[in-house]
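S.K.: could you work out the structure for the sequence below:
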Amino acid sequence: MPDPCPTRARSVSSPPSTHPLRFVWSAVAGFRRHHALMLLAPAWGALYIPVCYYAIKRIVDALADGRAPAWPTLAGPIALWLAADLSTGLLWRLSTFAAWRSEPWVRRGIVVAAVARILSYGHGFFQNAAVGGLVSKVKALSDGYDDLWNQCSGGMAFLALAMLASAANLAWIDVRLGLIVLGWLALALALNLRMGRAVVRLVGERSEARHRATAECADILGNAAAVKMFAARQVECDRLARSMDGDLVAKEVASLKLDFRVGLLNDLLGLLFLAAMLAAVWHLRAGGHISIGSVVQVFGLMFNLSLNLFLLIQEYQNLVHKLGSLHSALSVLDADRDEYGGLSLRAAAPGVEFQRLCFRHADGHAVFDGLDLAVAPGEKLGIVGETGAGKTTLVHLLLKHLRPQSGRVLVGGCDIAAVDADCLRRAIAVIPQDISLFHRDLRANIAYGRPDADDDAIERAARRAHAHGFISRLPAGYATRVGERGIKLSGGQRQRIGIARALLKDAPILVLDEATSSLDSRTETLIQDALRELLRGKTVLAIAHRLSTLKDMDRIVVLDRGRVVESGTHATLMADARSRYAALWAAQAGRAPDAAERAR
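M.R.: Below is the predicted model:
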């Protein structure tokens with residue numbers, strides 16, 4: 001017998017790093033030369049101020065004796081100043097050129113990689129995650145690259161190099177000035193590095209609180225219709241305010257208090273530096289060790305150093321904040337994924353089999369305990385049972401949204417545990433009770449399962465699903481955008497779009513989960529005719545509470561507490577007046593089944 005799963009699907013690429021600096025390093029892969037080029041401008045720009053002050057010192061010394069200096073004496077420093085100015089401008093323009101050739105693509109790559117990673121997570125992740133929080137974290141990843149790169153290159157790198165150049169210039173004038181600067185920088189660096197760890201922790205907590213607040217806002221706005229229906233606008237606003245007071249506001253206050261303490265200590269260090277430098281300059285000038293031009297140069301460099309250190313500390317604090325925010329956002333890239341990169345399915349109409357299946361939810365609630373159920377290739381199986389019997393869980397297990405604790409699910413004779421999740425789901429078309437539509441036009445929504453379909457194929461699928469009539473009456477027809485989650489359409493219209501999507505996808509396995517529940521009786525009759533054509537030659541699992549929709553199934557099974565308690569055709573199950581199926585039918589009909597119904 002040939003192997004039913006002989007090929008292997010392409011695996012998903014490895015996840016991005018969850019360490020902030022490694023994340024940025026991997027994000028700029030392919031554009032590292034551009035980023036290196038962008039560093040030239042701040043590196044050279046850091047030398048610009050010391051060079052200018054040196055030129056000013058030469059000019060002041062030339063003018064200090066009160067006589068008009070010869071033109072050659074001034075030509076050198078003026079030329080030096082102009083050359084520094086022109087070269088700095090040229091390098092900054094070159095940096096801008098490198099930025100527009102790289103940064104937009106890096107940002108796009110981060111967003112696409114993050115969304116791809118999130119979409120690879122299992123079903124349970126999305127049951128517990130708030131969409132608003134996820135979107136907030138994806139945005140924070142892109143912003144984190146921008147912030148971190150700009151802080152390190154245009155901010156911190158420039159300021160740090162400028163300070164080193166100024167310190168070296170002061171040490172060249174007199175080594176004692178260099179020692180004062182060195183001591184001041186060492187104290188400032190030690191203070192800010194020590195406090196930085198606490199800042200990172202507080203900022204991370206604050207960022208998580210912001211993501212939760214964003215998710216809560218999205219939850220409220222996403223349910224705006226319900227809020228209005230229950231006249232609960234003030235209730236929701238008060239609830240949001242209380243939630244933010246106890247979470248986000250408290251963490252922001254704690255973070256700002258720490259920033260205040262760090263800033264106060266840095267201000268005291270700045271005053272000590274100023275006092276020490278003034279005393280040193282007074283001593284050196286009084287002893288005749290430096291000229292008037294050198295005094296002007298020292299004062300200029302002192303001002304530049306003080307300003308640059310202030311700005312550097314601000315940039316460092318901002319960097320610490322950005323690292324904390326980015327570290328919080330990177331948590332979205334660290335979750336369990338579905339199994340991608342496994343085997344591919346090849347059977348034209350594969351059978352489905354659940355063997356000794358055991359499954360419990362995370363809370364310990366047992367759904368299946370040794371379930372055995374087989375659906376032959378091309379068989380149409382109806383699944384019924386009361387709420388909580390395990391019908392929907394069975395579908396989630398088939399789609400690999402959930403993983404059984406033991407037992408196997410076979411599709412086409414292949415254990416789906418070894419099958420690539422995307423390949424498996426491409427072989428299954430699902431028409432759920434709640435149809436999920438994208439905020440795109442109707443053409444794109446219908447063709448979602450088969451993006452290469454042409455307009456004629458899309459229209460044929462819509463006609464078969466009895467959706468073409470209402471679509472053609474819309475002002476933009478198939479180009480009509482349906483709103484978020486299809487809010488512009490009625491429940492029945494969304495259901496028909498979902499059926500058209502499944503018709504166009506034409507997968508060998510079809511799962512109907514209350515597929516006609518949102519339709520009126522007349523439209524349901526028309527849709528059932530279309531579904532009969534769709535079901536032909538496919539393996540079908542149909543879940544329905546409305547039992548009349550399952551009468552044409554080849555076989556119907558009744559689930560109760562995760563076990564198959566009855567199995568047979570509609571007629572054979574109805575023939576036994578004591579069967580659970582007959583009791584369910586009678587409950588829907590509002591009376592006991594008569595002999596004619598049992599015979600049908």
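
S.K.: packing partners for the longest helix seen in the chain?
M.R.: Longest helix of the chain, by residue count under DSSP state H: helix 175-222. Applying 3 or more Cβ pairs under 8 Å, 6 or more residues apart in numbering; DSSP states H and E, we find helix 175-222 packed against helix 131-150, helix 158-173, helix 233-244, helix 250-286, helix 292-330. In short, each C-beta sits where N, CA and C put it, glycine included.

S.K.: quick one: those helices as CSV, columns for distance to Lys391, mean neighbour count and mean pLDDT too.
M.R.: Shown next, in CSV, are the helices and strands packed on helix 175-222 (distance: least, Cβ to Cβ, whole Å; neighbours: other Cβ atoms under 10 Å; pLDDT from 0 to 100):
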stretch, distance to Lys391, mean neighbour count, mean pLDDT
helix 131-150, 26, 19, 78
helix 158-173, 63, 20, 75
helix 233-244, 34, 13, 79
helix 250-286, 44, 15, 77
helix 292-330, 38, 20, 72
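
S.K.: now do the longest helix of the chain against helix 131-150, angle only.
M.R.: Between the axes of helix 175-222 and helix 131-150, defined by axes from the mean of the first three to the mean of the last three Cα atoms, to 10 degrees, the angle is 160 degrees.

S.K.: list of residues touching stretch 166-173?
M.R.: Contacting residues not belonging to stretch 166-173 are listed as 49-50, 53-54, 177-179, 181-182, 185, 290, 294, 297-298, 301-302, 304-305, 308 [Cβ atoms under 8 Å, 6 or more residues apart in numbering].

S.K.: quick one: it to chain centroid distance?
M.R.: Offset of stretch 166-173 from its chain centre (Cα atoms, centre = their mean, to the nearest Å): 48 Å.

S.K.: chain center to stretch 262-272: distance?
M.R.: The answer for stretch 262-272 is 40 Å, by Cα atoms, centre = their mean.

S.K.: so which residues make contact with it?
M.R.: With contact meaning Cβ under 8 Å, 6+ apart, stretch 262-272 is reached by Trp184, Leu187, Ala188, Leu191, Asn192, Met195, Val199, Ser306, Leu309, Phe310, Ile313, Gln317.

S.K.: what of stretch 105-115?
M.R.: Pro16, Ala27, Val28, Phe31, Lys137, Val138, Leu141, Ser142, Tyr145, Asp146, Val332, Leu333.

S.K.: what pLDDT, on average, does it get?
M.R.: Stretch 105-115 comes out with an average pLDDT of 82.

S.K.: how about it: buried residues?
M.R.: When burial is assessed from 16 or more other Cβ atoms under 10 Å, stretch 105-115 yields the following buried residues: Val106, Arg107, Gly109, Ile110, Ala113, Ala114.

S.K.: tell me which element the last one falls in.
M.R.: Using DSSP states H and E, Ala114 sits in helix 103-119.

S.K.: need the pLDDT of Ala479.
M.R.: 90.

S.K.: residue contacts, it?
M.R.: Taking Cβ under 8 Å, 6+ apart, one finds Asp441, Leu442, Arg443 in contact with Ala479.

S.K.: the residues you listed in helices, which ones?
M.R.: Restricting the contacts of Ala479 to those inside helices, with DSSP H as the criterion, leaves Leu442, Arg443.

S.K.: can you lay out the contacts of Ala479 as TSV showing distance to Gly388?
M.R.: Shown next, in TSV, are the contacts of Ala479 (distance: Cβ to Cβ, whole Å):
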residue	distance to Gly388
Asp441	38
Leu442	36
Arg443	39
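
S.K.: what about Leu86, which SS state?
M.R.: helix (DSSP: H, G, I helix; E, B strand; the rest coil).

S.K.: tell me how far it lies from Trp92.
M.R.: Relative to Trp92, Leu86 is positioned 11 Å away (Cβ to Cβ, to the nearest Å).

S.K.: more crowded one of those two?
M.R.: Taking other Cβ atoms under 10 Å, Leu86 and Trp92 do not tie; Trp92 has more neighbours (17 against 10).

S.K.: the more buried one contacts Gly45, correct?
M.R.: Yes: under the criterion of Cβ atoms under 8 Å, Trp92 is in contact with Gly45, at a separation of 7.1 Å.

S.K.: before we move on, the earlier item: now tabulate the contacts of Ala479 in CSV and tack on neighbour count.
M.R.: Putting the contacts of Ala479 into CSV (neighbours: other Cβ atoms under 10 Å) gives the following:
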residue, neighbour count
Asp441, 16
Leu442, 26
Arg443, 17
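
S.K.: and the contacts of Ala479, which is closest to Val482?
M.R.: Leu442 (6.3 Å; Cβ to Cβ).

S.K.: what about that closest one, distance to Ile431?
M.R.: With Cβ to Cβ as the criterion, Leu442 and Ile431 are 17 Å apart.

S.K.: and the spatially closest residue to Lys251 that is not a sequence neighbour, how far is that from Lys137?
M.R.: Distances taken as Cβ to Cβ, 6 or more residues apart in numbering place Arg206 nearest to Lys251, at 4.3 Å, with adjacent residues excluded. Taking Cβ to Cβ as the criterion, Arg206 is separated from Lys137 by 14 Å.

S.K.: enumerate every residue touching the residue nearest to the spatial centre of the chain.
M.R.: In the chain, the C-alpha nearest the mean C-alpha coordinate belongs to Val138, at 3.6 Å (Cα atoms, centre = their mean). When contacts are counted by Cβ under 8 Å, 6+ apart, Val138 is found next to Val111, Ala114, Val115, Ile118, Ala329, Val332.

S.K.: over to Asn304?
M.R.: When the contact criterion is Cβ under 8 Å, 6+ apart, the partners of Asn304 are Ile49, Pro50, Tyr53, Ala162, Ser166.

S.K.: which one of those residues is nearest Leu402?
M.R.: Using Cβ to Cβ, the shortest approach to Leu402 within the contacts of Asn304 belongs to Ala162, at 57.9 Å.
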